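Undergrad: got a predicted structure here, sequence first:
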Amino acid sequence: MVRFTKATTAWLLLTPMMTIIIGVVGYPLIKTVYYSFTAAHLASPATTDRWVGFKNYIKALGNSKFLDSIENTAYFVSVSVSAEIIIGVLVALLLNQAFKGRTLLRALLILPLALPTVVNAMMWRLIYGPDFGALNALLTQVGLLAEYQSWLGDPDLALWMVAIADIWKNFPLVALITLAALQTISKDLIEAATLDGANTWQRFWTVVFPAIVAPVSVALVLRTIEAFKVFDIIYVMTRGGPANSTKTVSFHVYQEAFAYMRIGSGASYALIVVLISALLIATYLWLIKKQGNTT
Amino acid sequence: MKKSKLLMAAALGALVTASPANAEKTQLSALFMAQAAYSEQDIENMTEAFEKANPSVDVKMEFVPYEALHDKIVLSHNASEGYDVVLFDVIWPAEFAQYGLLTDVSDKINSATKEEILEGAWTTVEYGGKYYGMPWIVDTKYLFYNEKMLKEAGISKPPVTWSELTTQAQLIKDKGIVDYPLVWSWSQSEAVICDYATFLSAMGGEFLDADGKPVFQQGGGLKALEYMVDSIKLGLTNPNSREYSEEDVRRTFSSGQAAFAVNWTYMYNLANDPKESSVAGHVGIAPAPGAEGISTASAVNGSMGLGITSKSKHKELAWKYIQHLSSKPVQEDFAKLSLPVWKSSYENPEVTKGQEELLKAAKVGLAAMYPRPTKASYQEMSSALQVAIQEALLGSKEPAEALNEAADVAADLD
């Protein structure tokens, strides 16, 4: 019988998984990096991959439409992620209290998450409808709005409206993660703090907050990555309109690569987006680490 | 437990019995759109007849929104199991021909067929002297009007010029008949380009000059956008038009919230259908107006054709299917939402019956069809123009400024 060392066994067992990962992640990634330096065309990438060096990147960074779309994306990410974190944590705190109907509410929390993004986008498109939309009906009937409003047709509003649809769908993720963390806090700690005379606010900052900050940071990182890639909700709700006010980087990459068929330069745009995401994640991880060292 | 086992057995049984039958059939996959022209139901019925006549063929149909059609065709090109038959728009053959996405079928079309089909329809499938499919949908935008509202305002006949439309709409608004008499599909999509092209052709403009340089930013092209912007400023156009597609236009018009609308053929019978519309029976149709001293009517070429993808493994069968769908009898049977491409169909009482008004408008409209540019980089030029038009419609830029910027983008394209 052949005997392997521990390390060899580990590598042997890892091989199948590694092969799959290299196949489905590594190969496309390397190919994308390669294409980003070529003038490849979508119709026949293999015959059009003329090497152009950094030309695609230089062009991308000088493209005002692309820079606009980065700005739109940054705006979208900051609005939706911060709202998702705040609402998510507040909802988790609420659902951590004992009250009647808590189980039902906790179950309902899953609903938006379970909805496919495209369905969610269609639903909110209907809600925002300028003629028959529920939002207009609600706001006019309670007297908050004098006349029906075109929510997705106004360039100053559209990105906010899309962000709201995204917030509604994704705050439950933050809430669920936070809720799980909240349940690990020992009741004794809270009781001790109360006996020592700490008020609600003090209890939150000294006992609850340190316990949830790490899991919430994870949610923050996850949501930021996801929000930065936002595409489907935009594609369904506005297609980047009105007047490009909701055009995000992913939509720009999609247009470049698939509508204009320039996958070479599309790849360079995509990699710039990846680089920005990576920088954001690194910053977060660094912050979390710093947080861990101080507490 | 027992029940689920039984179900499993039944499912397995079904699989076993079903597979041999399927194995003998040739699968043909076809891509259509679910928007304007023929309805999904129409196409399914046409296909069912084809399958009945050809029992060995099984057609797998897929319906996508118009906006997704182009990208689907392009993306499926490098897929191992792509489509055999695709529906394509009049603005794509240049691009598709350049990159070899469609099969050249010039030798399959004989001169008799060429003679019998409308000239405007042929431009849909032709590029550089070659044919890349069969014309299937011959379509343009018409002016629809609510007869009741016009009568109420004391207007005896629909406008024949765009300035007359403004006058009539103003009259209807002033009398308080409807808040916004006009509704259009001016969302950031190809739909707004179709309306813009209609105005541009009426006002004697051009997209590109003979050398392919953009000229839409001046003359008729500029006047076209100014007209659109003015109609919003005057409060005549429903401001929501800026986020509307063709279906939104149909809904608004059909619910009696507009006196005039510009839309494709399919709206005529749907707006006159009591199940779909509250203004059924009061819907009039006319060719889109012209401009004084320049034109008497205007129209955009919005036709579409059926083609065989260059990578299809069943080209003969695909052609047979296309021939069936575009054949005269089939087109005449389904002439309610989309008019036939065959010249003689327009004399057939079966076709004309009940839609005489539509055919009268079609006679003028189809003859006046104005083409959008045929160039491989059309998609990008169109995108730039869509954004420019929206910026002007939203008031963030002056029409001339917006169009100049789009022209700069278009000038850099090859």
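TA: Perfect, thanks for sending it.
Undergrad: for the residue of the stretch 201-350 of chain B found nearest chain A, what are its contacts?
TA: Proximity of the stretch 201-350 of chain B to chain A (C-beta to the nearest C-beta) peaks at B:Glu243, 3.5 Å away. From N, CA and C alone the C-beta is placed, and that goes for glycine too. Contact analysis of B:Glu243 by C-beta atoms under 8 Å, 6 or more residues apart in numbering or on different chains lists A:Pro130, A:Ser150, A:Leu152, A:Gly153, A:Thr238, A:Gly241, A:Pro242, B:Ser187.
Undergrad: can you classify the closest residue to it other than its chain neighbours as helix, strand or coil?
TA: Excluding its sequence neighbours, the residue lying closest to B:Glu243 (C-beta to C-beta, 6 or more residues apart in numbering or on different chains) is A:Gly153, at 3.5 Å. For A:Gly153, the assignment made with DSSP: H, G, I helix; E, B strand; the rest coil gives coil.
Undergrad: A:Gly153 reaches A:Ala243, doesn't it?
TA: No: contact criterion C-beta atoms under 8 Å: A:Gly153 and A:Ala243 do not qualify, at 10.1 Å.
Undergrad: so for these two, which sits in the more crowded spot?
TA: A:Gly153 (26 against 23; other C-beta atoms under 10 Å in any protein chain shown).
Undergrad: for B:Lys130, phi and psi?
TA: For B:Lys130, the backbone dihedrals are phi -120, psi 160 (criterion: degrees, to the nearest 10).
Undergrad: and what of the one 10 residues further on?
TA: Backbone dihedrals for B:Thr140, given as degrees, to the nearest 10, come out at phi -150, psi 170.
Undergrad: can you count the residues close to the residue of the stretch 301-414 of chain B found nearest chain A?
TA: The nearest approach of the stretch 301-414 of chain B to chain A comes at B:Gln390, 4.0 Å away (C-beta to the nearest C-beta). B:Gln390 has 26 neighbouring residues, counting by other C-beta under 10 Å.
Undergrad: do B:Lys397 as well
TA: Other residues close to B:Lys397 by other C-beta under 10 Å number 19.
Undergrad: residues in contact with it?
TA: B:Ala388, B:Glu391, B:Glu405.
Undergrad: can you pull the pLDDT of the first one?
TA: Looking at B:Ala388, its pLDDT is 96.
Undergrad: hey, C-alpha coordinates of the helix or strand in which it is found in PDB?
TA: Here B:Ala388 sits within helix B:378-393, counting by DSSP states H and E. Coordinates of each C-alpha in helix B:378-393 appear next as PDB, following Å, rounded to 0.1, in the frame of the first residue of the first chain:
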ATOM      1  CA  TYR B 378     -25.500  52.200 -36.100                       C
ATOM      2  CA  GLN B 379     -26.100  50.900 -32.600                       C
ATOM      3  CA  GLU B 380     -23.500  53.300 -31.100                       C
ATOM      4  CA  MET B 381     -24.700  56.200 -33.200                       C
ATOM      5  CA  SER B 382     -28.300  55.500 -32.100                       C
ATOM      6  CA  SER B 383     -27.300  55.400 -28.400                       C
ATOM      7  CA  ALA B 384     -25.600  58.800 -28.600                       C
ATOM      8  CA  LEU B 385     -28.600  60.200 -30.400                       C
ATOM      9  CA  GLN B 386     -31.000  58.700 -27.900                       C
ATOM     10  CA  VAL B 387     -29.200  60.400 -25.000                       C
ATOM     11  CA  ALA B 388     -28.900  63.700 -26.900                       C
ATOM     12  CA  ILE B 389     -32.700  63.700 -27.600                       C
ATOM     13  CA  GLN B 390     -33.500  62.900 -24.000                       C
ATOM     14  CA  GLU B 391     -31.200  65.700 -22.700                       C
ATOM     15  CA  ALA B 392     -33.100  68.100 -24.900                       C
ATOM     16  CA  LEU B 393     -36.500  66.700 -24.000                       C
END
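Undergrad: measure the closest residue to A:Leu42 other than its chain neighbours to B:Ala191 for me?
TA: Leaving aside its sequence neighbours, A:Leu42 sits nearest to A:Met261 (C-beta to C-beta, 6+ apart; 3.8 Å). In this structure, A:Met261 and B:Ala191 are 22 Å apart, going by C-beta to C-beta, to the nearest Å.
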